[in-house]
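> Sequence isn't available, so here's the structure alone:
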């Protein structure tokens, strides 16, 4: 027994220091990791493959919705398997869902090109939105509030920041910008990134949607076909919020005429129309103006100098009536009113300009003279409110610690716009995928991507009328970011919710014509 005890004591005597040393080593390693983490958070270098998870709850449409937020980055690789960039994302995932295979997944993009997904994440569809007044103007203190209209109750959402927007960055200064900064380059690497995300987070079985705003509509339109053709990923829906021209040709008389319904909506909002038009509701007068635009105004502009003097005077008079501008100014512009001139001219006598992206906003220029506003009144207002809010949300609420500057507008220029056929890409994706539906959302007061041009996109994409049962359009009494107005954030999210539910096939329903 004495020998056994001696053996045990000897073993402990020699083993304990080793065990203690291993323990100390583990502590040292952990301390080193913490220091590395702190160093990374105190640098302006993105960690290309790092995520942080936060747990939260929301009340959406009166229902409690528990969710998990994963914020961080996933790499972009080149064909040799080398990391060439890190793409930052925010993944909102409802946690009380038993079957992810039936849970819709929405990939969300904004535009620019050169802006992050900040606008729709904390302005529109996310469970937390920025603190603004009921019309979308900034208020202090800056910060966040709950969004009772978020679509997180019916779908998980991934907000994606393309390279050099938000916190996303190239891997190093030697990575050529041509891999990211262009219509088709943008689509190619983002499609590959989505493939990586689906694998990393086990979402291949989920019904998939893309939503894009502004230039993001060109991005998601091109992605729809690229995902099908190169990654065999088939979508259920694409949502175009305030769409661009999507590479669909319009110039000369067409480009000149299609702006008139937007001019009329803006003039109506600022009470610049004749009394009989002002006394009618906006959506009551617009069909009349749209009809005039297509049937009379466009042909008149096309006729140019061959237009008879009497007919010319009649057209000028009607354009003046519908735009709120003087007959003299319209005649001097040869019936083709530049948008920039309209934003300066409409309220010139009252000392104001009107905004480009949202013409409800008014600005003040140094001089009343000139052919266009000095600045975009609405964009200045939005940056005023969004910039503090997104930094507060990511750094404080979601605990993403970094000294990186968050790019509201990042350095992505020159942007290669050659080969933009994204509208036709989306059409081709729809033709070959019977499940795929489109929803277009437009603000009547958006002068950059106006609502009537958005309708024109759909007409040209479906010239044969074969896809109209899968194409929907909705208008709102706001501008480019129509969701900033309190009544519209409710209706626009509800329209998204209905669109997602409508485009989900019934159990067992095959994708076939």
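The structure has been received and is ready for your questions. Note that the coordinates shown come from a computational prediction; the quantities given were computed from them, not determined experimentally. Numbering: from 1, shown residues only.
> Point out where the stretch 1-150 of the chain drops to low pLDDT.
For the stretch 1-150 of the chain, residues meeting the criterion pLDDT under 70 lie at 1-42.
> Could you pull out the strands in it for me?
Taking DSSP state E, counting those that start in this stretch as the test, the strands found in the stretch 1-150 of the chain are 50-60, 63-77, 83-94, 105-109, 128-130, 144-146.
> Please apply the same query to the chain.
50-60, 63-77, 83-94, 105-109, 128-130, 144-146, 156-161, 169-170, 208-213, 237-241, 353-354, 362-363, 437-443, 471-476 (DSSP state E).
> Contacts only, for residue 365.
By Cβ atoms under 8 Å, 6 or more residues apart in numbering, the contact list for residue 365 reads 344, 353, 373, 374. Bear in mind the C-beta positions are built from the backbone N, C-alpha and C, glycine included.
> quick one: the first one and residue 372 touch, right?
Yes: taking Cβ atoms under 8 Å as the contact criterion, residue 344 and residue 372 are neighbours in contact, 5.1 Å apart.
> Give me the more crowded residue out of the two.
residue 344 (22 against 15; other Cβ atoms under 10 Å).
> how close does that one sit to residue 478?
22 Å (Cβ to Cβ, to the nearest Å).
> how about low-confidence regions in this protein?
1-42.
> Find the residue at the geometric middle of it.
residue 110 (2.6 Å; Cα atoms, centre = their mean).
> for stretch 472-491, which positions count as buried?
Under the neighbour-count criterion of 16 or more other Cβ atoms under 10 Å, stretch 472-491 has 472, 474-485, 488-489, 491 buried.
> Kindly check the end-to-end length of it for me.
Using Cα to Cα, to the nearest Å, the end-to-end distance of stretch 472-491 comes out at 15 Å.
> related to what we said a few turns ago, and the strands of the chain: which comes nearest residue 281?
Proximity to residue 281 (Cβ to Cβ) singles out strand 471-476 among the strands of the chain, at 12.7 Å.
> Excluding residues flanking it in the chain, which one is nearest residue 267?
residue 324 (3.1 Å; Cβ to Cβ, 6 or more residues apart in numbering).
> Residue 240 too?
Nearest non-adjacent residue to residue 240 (Cβ to Cβ, 6+ apart): residue 217, at 4.2 Å.
> residue contacts, that neighbour?
111, 240, 241, 242, 243, 244, 246, 422, 449.
> With residue 383 instead?
So residue 383 contacts residue 408 (Cβ under 8 Å, 6+ apart).
> can you count the residues close to residue 399?
Neighbours of residue 399 (other Cβ under 10 Å): 12.
> circling back: could you identify the most distant pair in the buried residues of stretch 472-491?
472 and 484, at 21.9 Å, using Cβ to Cβ across the buried residues of stretch 472-491.
> Residue 311 is in contact with residue 299, isn't it?
No: the criterion here is Cβ under 8 Å, and residue 311 misses it with residue 299 at 10.0 Å.
> Contacts for stretch 423-438 next, please.
221-222, 224-226, 228, 234-240, 245-248, 457-458, 460-462, 466-467, 470-472, 499, 502-503, 505, 511-513.
> List buried residues within those residues.
Using 16+ other Cβ under 10 Å as the threshold, 221-222, 224-226, 228, 234-240, 245-248, 457-458, 460-462, 467, 470-472, 499, 503 are the buried ones among those.
> In helices, which of the residues you listed fall?
221, 222, 224, 225, 226, 228, 457, 458, 460, 461, 499, 503 (DSSP state H).
> any chance of the residues you listed in a markdown table, with distance to residue 397 too?
Formatted as a markdown table, these follow (distance: Cβ to Cβ, whole Å):
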| residue | distance to residue 397 |
| --- | --- |
| 221 | 33 |
| 222 | 33 |
| 224 | 33 |
| 225 | 37 |
| 226 | 34 |
| 228 | 37 |
| 457 | 37 |
| 458 | 39 |
| 460 | 43 |
| 461 | 40 |
| 499 | 29 |
| 503 | 32 |
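> Can you get me a residue count around residue 243?
When neighbours are counted by other Cβ under 10 Å, residue 243 comes out with 30.
> Can you tell me how far it is from residue 350?
For residue 243 relative to residue 350 (Cβ to Cβ), the value is 32 Å.
> next one: residue 469
Residue 469 is 46 Å from residue 350, by Cβ to Cβ.
> now swap in residue 254 and tell me
Taking Cβ to Cβ, one finds residue 254 at 32 Å from residue 350.
> Looking at the two, which one has more neighbours?
residue 254 (14 against 10).
> dump the residue contacts of the more buried one.
So residue 254 contacts 298, 456 (Cβ under 8 Å, 6+ apart).
> cool, and residue 322?
Applying Cβ under 8 Å, 6+ apart, the residues contacting residue 322 are 260, 263, 264, 267, 273, 277, 289, 292.
> try 7 Å
260, 264, 289 (Cβ atoms under 7 Å, 6 or more residues apart in numbering).
> Over to residue 259?
Here residue 259 is in contact with 337, 339, 450 (Cβ under 7 Å, 6+ apart).
> Quick check: residue 238 touching residue 222?
No: between residue 238 and residue 222 there is no contact under Cβ atoms under 7 Å: 10.5 Å.
> is it true that residue 163 touches residue 84?
No: the criterion here is Cβ under 7 Å, and residue 163 misses it with residue 84 at 8.8 Å.
> between those two, which one's more packed in?
residue 163 (27 against 20).
> Next up, the contacts around that one.
Residue 163 touches 85, 87, 169, 170, 180, counting by Cβ under 7 Å, 6+ apart.
> ok, so of those, who is nearest residue 53?
Distance to residue 53 across those (Cβ to Cβ) is lowest for residue 87, with 17.7 Å.
> who's in contact with the closest one?
73, 74, 76, 160, 161, 163, 168, 193.
> Adding distance to residue 52, write those residues out as TSV.
Putting the contacts of residue 87 into TSV (distance: Cβ to Cβ, whole Å) gives the following:
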residue	distance to residue 52
73	10
74	13
76	20
160	17
161	15
163	20
168	16
193	19
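> Which of these sits closest to residue 120?
Out of the contacts of residue 87, the member with the shortest distance to residue 120 (by Cβ to Cβ) is residue 160, at 10.7 Å.
> My guess is the closest one contacts residue 115. True?
No: checked against Cβ under 7 Å, the pair residue 160 and residue 115 is beyond contact range at 11.8 Å.
> Same drill for those two, tell me which one is more crowded.
residue 160 (27 against 23).
> what sits against the more buried one?
Residue 160 neighbours (Cβ under 7 Å, 6+ apart): 87, 89, 107, 108, 109, 117.
> now residue 483
123, 124, 489, 492.
> In JSON lines: those residues, plus distance to residue 80.
As requested, those are exported to JSON lines (distance: Cβ to Cβ, whole Å):
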{"residue": "123", "distance to residue 80": "39"}
{"residue": "124", "distance to residue 80": "38"}
{"residue": "489", "distance to residue 80": "45"}
{"residue": "492", "distance to residue 80": "43"}
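> Brilliant, that's me finished.
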